[in-house]
Structures are given as C-alpha cells and as structure tokens.
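Enquirer: After the sequence you'll find the predicted model.
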Amino acid sequence: MHILFVSQFFAPEQPDLRGLPFARELQKQGHQVQVLTGFPNYPGGKIYPGYKIRFFQREFMDGVEVLRVPLYPSHDQSAIKRIFNYLSFAFSAAIIGLFVVKRADVQYVYQPPATVSIPALILKLFRRIPIAYDIQDLWPDTLKATGMVKSDFIIRLVDLACKFCYKYFDHIIVLSKGFKEKISQRGVEVDRITIINNWSNDIVEDSSLPEVPTYIGKFKDKFSILFAGNIGKAQALESVLDAASLLQEHNKIHFFIVGDGVEVLHLKLYTEKKKLKNVTFLPRVSTEAIGPILKAADALLVHLKNDPLFEITIPSKIQAYLKTGKPIIAAVKGDAAEIIIQAKAGVICKPELPEELAQAVLKLYKMDKNSLDEMGNNGKKYYETNLSIESGTLKMLEVFNQIINKKNNYPKTTPNKNY
C-alpha cells in the first residue's frame, strides 16, 4: 500500500506522536510512506537548527521520504500570526503538493490544525487520493476553549467549514468515545468514524545522555511531582501553582514543570508573585532525554482546563505516563479520567480546583512504596495491552483498506478480498 502522510507537524518537532514513529511502523509492516509537511518550528515558533525555509525540500528520515513546503513560523499568543502559520502551510502544501507527491492509495491526514483539510481535499480532487482524516484536536471547540478566537462569528464560520469538509472525508479517525459522539452530532455517519486511541513514543531510559543527570539530580530527596509537555492555555497550570502554594508546608513535596509553550513566562512570573519555593521550571528536552526524567519522578501529573471539550479529550501524555510505569495524578474529567480508572494507575481529581489537586498529591505522598509501584505497574500493563503502536497501526491499516476497497469496488457492495 502507498500511503501519503499529510501533517503540518512532523519530526524533529515534538511531541512527534503520530509522526515519524507511525511512519516507521507502517513501513515496518510492509507499506510505502511519503510525508508532506512543513519546516519544523513547533512549539517555539522558530525554525529548527539545520533547517532553512525554502520553496521545497526533500529528505529521508529513517528511510521515510519527507517533503517539506514553506510556512510562516509562529506559535505565540497572537491569533493572527497563528492563523497565518496554519494557512501558509495549508496553501503551500495544496499547491506544491499537487506536483511533488507520488501516486498514493490513501491519504492519512493528521489534524491539528483543521486547515490541513485544505491540501487534503485539493489532493483528493485533483490526484484522486481518498482521505483518512485523524482528528486529534476538535475545531472550533479548541479555538473557543483556549481563548485563541473570541469572535462568535468566526467560531460559527469555522464550524460550518469543518462540517463542509467532513462530508468529503472518506473516513474519520478519533481518539475517544466523546469525540465520536461530537462528530456524529455534526452530520457524519457513525460507520464513517473509528476510534483509535493514541499510543506513546518509545520511552528511552538511557540516563547517560548529557542533559539527563542535571534533571534527575533535582528530584533527589523530594517527593517529585512532574508535569511534562506543552505549556499552554489548555493545560491551565496556574491552578497547579495554586495547589503547590497550599502544599508549601510539606517540605518534601516539589513540583517540576518540564516543557515549553505560550504560558511559560506568565507561569514563571506567577510563581515569583506567589513566592513558591516548591516549584521548579525546567526547559523542554528531547524525546530521548524525557524517558529517564519521567522515570526519576515519584508521580506524573496531567492537568487540563475545566471545559466540556477536555472531557472528551485524551492528552497524549497519558499514554507516555502509563508506558513509563509511574503513578499518575490526573486532574481531568471524562474519557481521560476513565482510562486512569480502568488502568488503576493513579488518582483522579477535578481540574482547576487547587484544593482537590493538593489532596490528591497528599494521598500519593502518604502511600508506601509498594502501593505506588503497584499503581505504576498497573498502568504499564494497561498500556501494553490496549494502547501500543503495533495494535494501533493495525487498526489504522484496517481503516485504510476499508477506504481503498470501497473506492475500488464502487458501486459494488462486496469488498475486494484480494487487495
């Protein structure tokens, strides 16, 4: 099978969840993959070292062909700049992609942002490549929940545009039951929607990497609560700092926040304002270095804004946390909380309630080591059974074959068993 992978974000950008690891796994299972993406600039909004924006660039990453097209690099809090970032990639990929992509049996299209639907539909129209559309970020709900767009008119306009695009996608992939319900309510037939949970990238546990020892040393002699990942409005980490303020009398409890994003500066200033001595910010690290850091922590934290959208969202860090085998503190609701409960991998509390989060931290803090280890092991077993990249890729390929068989047999009703 020839698969065209369309995504604005791709390695070396992080987190590279359904990016290079997924492309490698598809090739490992005997399929050919070509990637159409932009020049790497997420999450800092600056082009990565070793890259320079050009009209077109072709490279090979671990044997995967990657085609890069120009975009306007930005990831700050300016809605105008972010929209320009999204649209610049969308139109570059649509126009240049028509001439540079190879023949393909199916497009795998990764959202966010929703503007990636523009090149996908153009390629379907002119190159006749059907679309498997993977919705990781529900628009316009995300735009409204994060405050990126405040205009009700624009929100309604984006909603109409998304509904229009859904009609022309051959199949839609979502990450949770809640997402499936939302998409079906917007006019998509249930049999065109498939739930495929996210997986985690490999967790490397090599503590000899140069940037690792400094981090691990900071965790010693503390009960370390670690948040790792994007630091934006959706994570609502100001509430975590308020919880840390409530726990200052417990000298052993310390919060470590590892990552980067639009809210970092604000949160650092808020920490200074609150005179918090039990919070440490650490810069974003590579995927290879994060493994030992996660393993060194006593508990791993996930926190989302208290918004109906995030009740049907499953942050990708949950899979990484489960795979690491450490207890999880989940200040989330809905589908994400249900995974932690089913896995018996941690404690749950409501988001944006500092008092509840502080109590959840104290609950773990007071547990003995055997109980904490049991929670971590439960999470690891749950991940291996339900959320691995191998099982997820097989489910993706089932969707791809379903699309291809339907295309090849139209208007027949019997699928082509010999494809």
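Expert: Sure, I can see it. Numbering: from 1, shown residues only.
Enquirer: what are the ranges of the helices in the stretch 251-400 of the chain?
Expert: Here the stretch 251-400 of the chain has its helices, by DSSP state H, counting those that start in this stretch, at 264-274, 287-296, 316-324, 334-343, 354-365, 369-386, 389-409.
Enquirer: pLDDT weak spots in the protein?
Expert: Counting by pLDDT under 70, the ranges of the chain that qualify are 15, 202-217, 288, 410-419.
Enquirer: run the last query once more with 80
Expert: Of all residues in the chain, those with pLDDT under 80 make up the ranges 14-17, 43, 75-79, 143-150, 200-220, 285-289, 407-419.
Enquirer: related to what we said a few turns ago, indicate which one of the helices of the stretch 251-400 of the chain is closest to Phe310.
Expert: helix 334-343 (7.3 Å; Cβ to Cβ). For every residue, glycine as well, the C-beta is placed using N, CA and C.
Enquirer: If we go by neighbour counts, what in that closest one is buried?
Expert: 334-340, 343 (16 or more other Cβ atoms under 10 Å).
Enquirer: how about the helices of the stretch 251-400 of the chain in a markdown table, adding distance to Asp221?
Expert: Shown next, in a markdown table, are the helices of the stretch 251-400 of the chain (distance: least, Cβ to Cβ, whole Å):
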| stretch | distance to Asp221 |
| --- | --- |
| helix 264-274 | 21 |
| helix 287-296 | 12 |
| helix 316-324 | 21 |
| helix 334-343 | 28 |
| helix 354-365 | 14 |
| helix 369-386 | 15 |
| helix 389-409 | 36 |
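Enquirer: returning to what we had before: so which pair among the buried residues of helix 334-343 is furthest apart in space?
Expert: Gly334 and Ala343 (15.3 Å).
Enquirer: Is it correct that Val262 is in contact with Gln235?
Expert: No. Val262 is beyond contact range of Gln235, at 10.3 Å (criterion: Cβ atoms under 8 Å).
Enquirer: residue ranges for the strands of the chain, please.
Expert: Taking DSSP state E as the test, the strands found in the chain are 2-7, 32-38, 57-61, 64-69, 106-111, 131-135, 171-174, 193-195, 223-228, 253-258, 279-282, 299-303, 328-331, 346-349.
Enquirer: Can you check which of these gets nearest to Ile96?
Expert: Short answer: strand 64-69, nearest of the strands of the chain by Cβ to Cβ, at 4.7 Å.
Enquirer: Tell me which of the helices of the stretch 251-400 of the chain is the most buried.
Expert: helix 316-324 (a mean of 25; mean count of other Cβ atoms under 10 Å).
Enquirer: so what does that one touch, helix or strand wise?
Expert: When contacts are defined as 3 or more Cβ pairs under 8 Å, 6 or more residues apart in numbering; DSSP states H and E, helix 316-324 sits against helix 287-296, strand 299-303, strand 328-331, helix 334-343, helix 369-386.
Enquirer: can I get the ones you listed in TSV with distance to Leu138?
Expert: Listed next are the helices and strands packed on helix 316-324 as TSV, based on distance: least, Cβ to Cβ, whole Å:
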stretch	distance to Leu138
helix 287-296	25
strand 299-303	18
strand 328-331	20
helix 334-343	12
helix 369-386	22
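Enquirer: Figure out which of the ones you listed is closest to Val190.
Expert: Each of these has some distance to Val190 by Cβ to Cβ; the shortest is helix 334-343, at 17.3 Å.
Enquirer: Outside of that closest one itself, list whatever touches it.
Expert: With Cβ atoms under 8 Å, 6 or more residues apart in numbering as the test, helix 334-343 has contacts from 176-178, 302, 304, 310-315, 318, 322, 328, 330, 332, 346, 348, 378-379, 381-383.
Enquirer: so that helix versus helix 316-324, what angle?
Expert: Counting by axes from the mean of the first three to the mean of the last three Cα atoms, to 10 degrees, helix 334-343 lies at 10 degrees to helix 316-324.
Enquirer: and the angle for helix 334-343 with helix 369-386?
Expert: Using the same axes, to 10 degrees: helix 334-343 against helix 369-386 is 110 degrees.
Enquirer: Of Val262 and Gln235, which one has the most company?
Expert: Neighbours were counted for Val262 and for Gln235 using other Cβ atoms under 10 Å; Gln235 has more, 28 against 19.
Enquirer: State the distance from the closest residue to that one other than its chain neighbours to Lys333.
Expert: Take Gln235 and drop its neighbours on the chain: the residue closest to it by Cβ to Cβ, 6 or more residues apart in numbering is His303, 5.8 Å away. As judged by Cβ to Cβ, to the nearest Å, His303 and Lys333 stand 11 Å apart.
Enquirer: what touches both of those two?
Expert: Counting by Cβ under 8 Å, 6+ apart, the residues touching both His303 and Lys333 are Pro351.
Enquirer: Who has more neighbours out of those two?
Expert: When neighbours are counted by other Cβ under 10 Å, His303 comes out ahead of the other of His303 and Lys333, with 24 against 20.
Enquirer: wait, doesn't the more buried one sit right on Ala234?
Expert: No. Counting by Cβ under 8 Å, His303 does not reach Ala234; the two are 9.6 Å apart.
Enquirer: Tell me which residues touch Glu25, please.
Expert: Glu25 touches 389-390, 393, counting by Cβ under 8 Å, 6+ apart.
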